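# Show me how the following folds:
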Amino acid sequence: MNTLSLALRNLLRNRRRSLATLLAMVIGLCAILLFGGYAGSTIYAMQTGYVQLHGHLQIQRKDYFLYGSGNPADYAIADYAPMLGQVRSDPVLAPLLTVATPKLQLGGIAGNFAAGVSTNVFSSGVVAPEQAQLREWDDYGNMSYAPPIALLNTPADSIVIGTGVARKLQLCQALGVRPCQSPAKPSVASGAPAPDDILALSAQETQAAPNAPQTHIEMLAATVHGAPNVVGLNVVKAENFGLKEFDDSYTMMHLAQAQRLVYGAGAPQVTAIQIQLQHTAQMSEAKARLEQMLETGKPDSQLEIVDYETLAPIYGQTIEFFQSVFGFIATLIGVIVLFTVGNTMSMAVVERTTEIGTLRAIGLRQGGIRRLFVCEGLVLGVAGAVLGSVLALLLATLINHSGLTWTPPGYVYAYPLKVRVWGAWAMVAGSAAGLVMVAGLSAWWPARRAARLLIVDALRHT
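Alright, predicted model coming up:
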């Protein structure tokens, strides 16, 4: 207690220098915590978006993620309805679930034959009400401004397309897509005319819908037997999906329509069963139960469980990026604090050389001198840690209530800008402890030098 009291008195002897050192530590810790809180909020926002899109887990055929994307003929799940019912009624899984819904991915050609244009697309067949429920998941209070799913409460022949697809099919004016410019007409035809059988199928669809609206298109896909199949669809909306590559080729239709397109009159199948849980922390429990169900029900079913981190690799890459930046900032500020506190302690040693000699002369050992200066550094570190943490919490609260928004990469809707410092106690405690350790370490070398001063030389120092 005597050492602590002396340390406090010594720091107050030069208030301006001590305050400048303390201010540098407070600002440094506040910057670390605010960036850490922003990074945590960003990661939670991205996780929310991917869970809303993919669910936490998906049941797929083995290797579908690697080789079967858009290939429902070879990588589909047959008899998916009993499995879906078992998942929804399972006594372990049921309390964890928010949504369990089937999904069918397929590839094809979308054509606006009234304008004589077509383009390659890939499409998702979904159950619209259940997809709408997927988008409501918000476990972290991000309050995303995700728009409602446009396919909800639409007829069975409805389809939603990307704005890039709308431009390629020359539907941007009819669908209100901006900018909408007429493409330059090529001087030479870029390809051979469509085969006779495709033109015949398109003619049948046109005859079946003689009063088709301006947004009517045809969708061509190969059935599981390899035969072409065409359905007429009505575009209800063109959406911007955030990434141009995605926007230029993605469409979404009702699951029943997609199944008729691919399987015709055969037994309908899906390429995935999406499972969304109430909380991300329940993933390991749910995944273990699902694997147990698959092994018990059909040991040779060739199914696997894939999580959203595997389905969206950019999520893990973003976490690694923020961790590296956080580590760089923390190291940089740590070095600044190290030299600032070290400089302060070195100046204190020079100013108090005679005092050090007096203390040694009356019997204080070298260890006592070291403890005194290290204690001063630790007091500065503790004060900086407390004040920096409090200031970071106040600034984070101010930012969180400012109403600012931001749009994550690959998204077209905004999230409120939040800095998660309150509740991230592990980050706060770790950063504060690191600051105290750096302050104590930076004071140790000047303290060691002070303790090794010769008593005679210290007493005659002026």
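# how about residue 225, what does it touch?
Residue 225 makes contact with no residue, according to CB atoms under 8 Å, 6 or more residues apart in numbering. Placement of C-beta: from N, CA and C, glycine included.
# what are the phi and psi values for it?
Backbone torsions of residue 225, given as degrees, to the nearest 10, read phi -90, psi 0.
# how close does it get to residue 233?
Counting by CB to CB, to the nearest Å, the separation of residue 225 from residue 233 is 22 Å.
# likewise residue 18?
73 Å.
# Over to residue 215?
For residue 215 relative to residue 233 (CB to CB), the value is 9 Å.
# Give me the more crowded residue out of those two.
Counting neighbours by other CB atoms under 10 Å for residue 215 and for residue 233 shows that residue 233 has the greater number, 28 against 20.
# what's the helix or strand for that one?
Using DSSP states H and E, residue 233 maps to strand 228-239.
# Direction included, what does that strand pair against?
Sheet pairing of strand 228-239 (DSSP bridges) gives strand 158-162 (parallel), strand 216-222 (antiparallel).
# contacts for the last one?
So the one you mean is strand 216-222. 73, 106-114, 121, 123, 159, 161, 169, 171, 198, 201-202, 205, 209, 228-235, 251, 253, 261-262.
# Among those residues, name the buried ones.
Buried by 16 or more other CB atoms under 10 Å: 73, 106-113, 121, 123, 159, 161, 169, 171, 198, 201-202, 205, 229-235, 251, 253, 261-262, out of these.
# Just the ones of those residues in strands?
Judged by DSSP state E, strands contain the following of the buried ones among the contacts of strand 216-222: 106-112, 121, 123, 159, 161, 229-235, 251, 253.
# what's the following helix or strand after the strand or helix carrying residue 343?
Using DSSP H and E, residue 343 sits within helix 313-351. Counting by DSSP H and E, the next helix or strand C-terminal to helix 313-351 is helix 353-361.
# Quick check: buried residues in that next one?
353, 355-357, 359-360.
# what does stretch 92-107 give?
Neighbour counts over stretch 92-107 (16+ other CB under 10 Å) mark 93, 96-107 as buried.
# Let me know the closest of these to residue 53.
Distance to residue 53, by CB to CB, is smallest for residue 103 among these, at 10.7 Å.
# I figured that closest one hits residue 275, correct?
No. Residue 103 lies out of contact with residue 275 (CB atoms under 8 Å); the separation is 10.9 Å.
# low pLDDT regions in the protein?
1, 70, 143-146, 182-213, 297-301, 408-413, 456-458, 460-462 (pLDDT under 70).
# domains of it?
Domain assignment for the chain by automatic domain parsing gives 2-47+316-459, 63-301.
# how about these, which one is nearest residue 57?
domain 63-301 (4.5 Å).
# Quick check: closest non-adjacent residue to residue 347.
residue 17 (7.0 Å; CB to CB, 6 or more residues apart in numbering).
# That neighbour and residue 439, how far apart?
Relative to residue 439, residue 17 is positioned 15 Å away (CB to CB).
# cool, residue 452 as well?
Relative to residue 439, and taking CB to CB, residue 452 is found at 21 Å.
# between those two, who's got more neighbours?
residue 439 (31 against 10).
# host element of the nearest residue to the more buried one once chain neighbours are set aside?
The shortest distance from residue 439 to any non-neighbouring residue, by CB to CB, 6+ apart, is to residue 381 (2.9 Å). Taking DSSP H and E as the definition, residue 381 sits inside helix 366-400.
# Which strands and helices lie in contact with that helix?
helix 2-13, helix 15-54, helix 313-351, helix 353-361, helix 425-451 (3 or more CB pairs under 8 Å, 6 or more residues apart in numbering; DSSP states H and E).
# which residues sit against the first one?
What it means is helix 2-13. 18, 348, 352, 368, 371-372, 375-376, 378-380.
# And the furthest pair within those?
It's 18 and 368 that sit farthest apart of those, by CB to CB, at 21.4 Å.
# that older thread, name the nearest of the buried residues of helix 353-361 relative to residue 49.
For the buried residues of helix 353-361, the nearest to residue 49 is residue 356 (60.5 Å; CB to CB).
# distance of that closest one from residue 459?
Residue 356 is 9 Å from residue 459, by CB to CB.
# And for residue 95?
Taking CB to CB as the measure, residue 95 falls 77 Å from residue 459.
# Same question for residue 448.
Distance, residue 448 to residue 459, using CB to CB: 20 Å.
# show me what contacts residue 169?
Neighbours of residue 169 in contact, by CB under 8 Å, 6+ apart: 110-112, 115, 117-119, 161, 217.
# Could you save those as TSV and add columns showing distance to residue 309?
Compiled in TSV, those are given as follows (distance: CB to CB, whole Å):
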residue	distance to residue 309
110	31
111	37
112	38
115	42
117	38
118	36
119	31
161	28
217	35
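# farthest-separated two in these?
115 and 161 (14.3 Å).
# my read: residue 309 touches residue 316, true?
Yes. The pair residue 309 / residue 316 is scored as a contact, 5.6 Å apart, by CB under 8 Å.
# Look at the two and report which has more neighbours.
residue 309 (16 against 11).
# Next, count neighbours for residue 19.
Number of residues near residue 19 (other CB under 10 Å) recorded here: 11.
# distance of residue 180 from residue 358?
Residue 180 is 86 Å from residue 358, by CB to CB.
# Kindly export stretch 28-43 (C-alpha atoms) in CSV.
Only the C-alpha atoms of stretch 28-43 are listed here, as CSV (Å, rounded to 0.1, in the frame of the first residue of the first chain):
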residue,chain,number,x,y,z
GLY,A,28,-5.3,4.1,-28.2
LEU,A,29,-7.5,1.7,-26.2
CYS,A,30,-10.6,3.5,-27.4
ALA,A,31,-9.6,3.2,-31.0
ILE,A,32,-8.9,-0.5,-30.5
LEU,A,33,-12.2,-1.2,-28.9
LEU,A,34,-14.2,0.9,-31.4
PHE,A,35,-12.6,-0.9,-34.3
GLY,A,36,-13.1,-4.3,-32.6
GLY,A,37,-16.8,-3.4,-32.0
TYR,A,38,-17.3,-2.3,-35.6
ALA,A,39,-15.6,-5.5,-36.9
GLY,A,40,-17.8,-7.6,-34.6
SER,A,41,-21.0,-5.8,-35.8
THR,A,42,-19.9,-6.3,-39.4
ILE,A,43,-19.4,-10.0,-38.9
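# Residue 214 and residue 54: what is the separation?
Taking CB to CB, one finds residue 214 at 34 Å from residue 54.
# ok, how many other residues are close to residue 331?
Look at residue 331: counted by other CB under 10 Å, it has 10 neighbours.
# and if you look at the one 4 residues further on?
Other residues within reach of residue 335, judged by other CB under 10 Å, total 13.
# List the buried residues in the helix holding residue 343.
315, 318-319, 322, 326, 329-330, 333-334, 337-338, 340-342, 344-346, 348-349.
# Please apply the same query to stretch 379-388.
Going by 16+ other CB under 10 Å, stretch 379-388 has these buried residues: 379-385, 387-388.
# Need the contact partners of it.
4, 7-8, 11, 18, 21-22, 25-30, 33, 337, 341, 344, 432-433, 435-440, 443.
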